[in-house]
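K.L.:
task: produce atomic coordinates for the following.
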Amino acid sequence: MKEAAAYLGMSVTTFRECVAPKVESIKLMPRRVSYDVEELNSFIARMSGKKETPMEQGFWDKYK
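P.N.:
Below you'll find the model as predicted:
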């Protein structure tokens with residue numbers, strides 16, 4: 001959560017209250033939760049009103 005909050009440029013408290021309820025988390029272990037960077041980018045796009053382009057959605061696909 002700390003890294004996800006830093007990625008979005010906010011405090012952990014703000015992330016926990018405003019972002020975490022709106023993005024899907026990845027539960028790695030019972031006490032370890034992670035967030036996908038693409039999910040965080042989608043959150044940013046939704047909050048800004050920007051529509052994602054297919055290129056943004058599949059950026060990493062070309063590296064598979």
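
K.L.:
per-residue pLDDT, the nearest residue to residue 33 once chain neighbours are set aside?
P.N.:
Leaving aside its chain neighbours, residue 33 sits nearest to residue 25 (4.8 Å; criterion: C-beta to C-beta, 6 or more residues apart in numbering). Bear in mind the C-beta positions are built from the backbone N, C-alpha and C, glycine included. We have a pLDDT of 92 for residue 25.

K.L.:
specify the beta-bridge partners of residue 25.
P.N.:
Counting by DSSP bridges, residue 25 is bridged to residue 35.

K.L.:
show me what contacts residue 9?
P.N.:
If you count contacts by C-beta atoms under 8 Å, 6 or more residues apart in numbering, residue 9 has none.

K.L.:
the residue nearest to residue 33 - how many residues pack around it?
P.N.:
14 (other C-beta atoms under 10 Å).

K.L.:
OK, contacts around it?
P.N.:
Going by C-beta under 8 Å, 6+ apart, the list of residues near residue 25 reads 33, 34, 35.

K.L.:
give me the buried subset of those residues.
P.N.:
residue 35 (16 or more other C-beta atoms under 10 Å).

K.L.:
okay if I get the contacts of residue 25 as JSON lines plus pLDDT?
P.N.:
JSON lines is the format used below for the contacts of residue 25 (pLDDT from 0 to 100):
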{"residue": "33", "pLDDT": "90"}
{"residue": "34", "pLDDT": "94"}
{"residue": "35", "pLDDT": "95"}
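
K.L.:
looking at the contacts of residue 25, which is nearest residue 15?
P.N.:
residue 35 (9.0 Å; C-beta to C-beta).
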